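Colleague: make a model of this:
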Amino acid sequence: MKIDDALKVNPGLATGNTDAKTAKTAETSRTEQGMGEKVTLSSRSSELQSLETKTVSEEAYDAGKVEAIKAAILDGQFKIDSGKVADGLINTVKDLLTSPSAK
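Modeller: A predicted model of the protein is given here:
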């Protein structure tokens with residue numbers, strides 16, 4: 001079967017089919033208009049919106065600390081505590097093995 005044949009059989013598949021697009025737009029307009037239904041949001045919704053506003057305005061990391069670490073790496077002064085890294089890896093593996101989703 002050729003692609004052209006499929007488009008003739010299923011006109012909604014064609015990207016240039018304006019009838020299908022117009023019908024969908026009209027359906028959406030009908031749904032958005034005149035339903036007269038009222039939506040009430042919980043207090044949790046306003047809490048989440050205010051939290052989102054706070055997190056957007058704050059930086060995700062301390063830029064000064066990142067620059068200090070970069071400088072220490074460049075100077076050869078940055079020390080890695082291999083024991084701390086190993087402990088963190090072991091704890092992560094333990095958490096993954098004991099989590100309910102791992103079973």
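
Colleague: any idea how this protein splits into domains?
Modeller: 3-32, 45-102 (automatic domain parsing).

Colleague: least confident of these, on average?
Modeller: Across these, domain 3-32 has the smallest mean pLDDT, namely a mean of 52.

Colleague: which one's the longest helix in this protein?
Modeller: helix 82-98 (DSSP state H).

Colleague: tell me what it is packed against?
Modeller: With contacts defined as 3 or more C-beta pairs under 8 Å, 6 or more residues apart in numbering; DSSP states H and E, helix 82-98 has no helix or strand neighbours. C-beta: built from backbone N, CA, C; applies to glycine.

Colleague: mind listing what's buried along that helix?
Modeller: By neighbour count on 16 or more other C-beta atoms under 10 Å, the buried set for helix 82-98 is empty.

Colleague: now residue 62, what are its backbone angles?
Modeller: Backbone torsions of residue 62, given as degrees, to the nearest 10, read phi -90, psi 100.

Colleague: what residues are up against it?
Modeller: Residues counted as contacts of residue 62 (C-beta atoms under 8 Å, 6 or more residues apart in numbering): none.

Colleague: make it 10 Å
Modeller: Contacts for residue 62 (C-beta atoms under 10 Å, 6 or more residues apart in numbering) come out as 68-69.

Colleague: and residue 93, how far from residue 59?
Modeller: Separation of residue 93 from residue 59 (C-beta to C-beta, to the nearest Å): 31 Å.

Colleague: go ahead and name everything in contact with the helix or strand in which residue 56 is found.
Modeller: Taking DSSP states H and E as the definition, one finds residue 56 inside helix 43-57. Outside helix 43-57, the residues that touch it by C-beta under 10 Å, 6+ apart are 41-42.

Colleague: list the buried residues of that helix.
Modeller: So for helix 43-57, nothing qualifies as buried (16+ other C-beta under 10 Å).

Colleague: for the next helix or strand after that helix, name the packing helices and strands.
Modeller: Going down the chain from helix 43-57, the next helix or strand is helix 63-75, by DSSP H and E. Helices and strands in packing contact with helix 63-75 are not found; criterion 3 or more C-beta pairs under 10 Å, 6 or more residues apart in numbering; DSSP states H and E.

Colleague: picking up where we left off before, how about the helix holding residue 56 as PDB, C-alpha atoms only?
Modeller: The C-alpha coordinates for helix 43-57 follow below in PDB (Å, rounded to 0.1, in the frame of the first residue of the first chain):
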ATOM      1  CA  SER A  43      -6.200  25.500  49.600                       C
ATOM      2  CA  ARG A  44      -3.400  23.000  48.800                       C
ATOM      3  CA  SER A  45      -3.500  24.400  45.200                       C
ATOM      4  CA  SER A  46      -2.700  27.900  46.400                       C
ATOM      5  CA  GLU A  47       0.100  26.600  48.700                       C
ATOM      6  CA  LEU A  48       1.700  24.800  45.700                       C
ATOM      7  CA  GLN A  49       1.400  27.900  43.500                       C
ATOM      8  CA  SER A  50       3.200  30.000  46.200                       C
ATOM      9  CA  LEU A  51       5.800  27.400  46.600                       C
ATOM     10  CA  GLU A  52       6.400  27.300  42.800                       C
ATOM     11  CA  THR A  53       6.800  31.100  42.800                       C
ATOM     12  CA  LYS A  54       9.400  30.900  45.600                       C
ATOM     13  CA  THR A  55      11.400  28.200  43.900                       C
ATOM     14  CA  VAL A  56      11.400  30.000  40.500                       C
ATOM     15  CA  SER A  57      12.800  33.100  42.100                       C
END
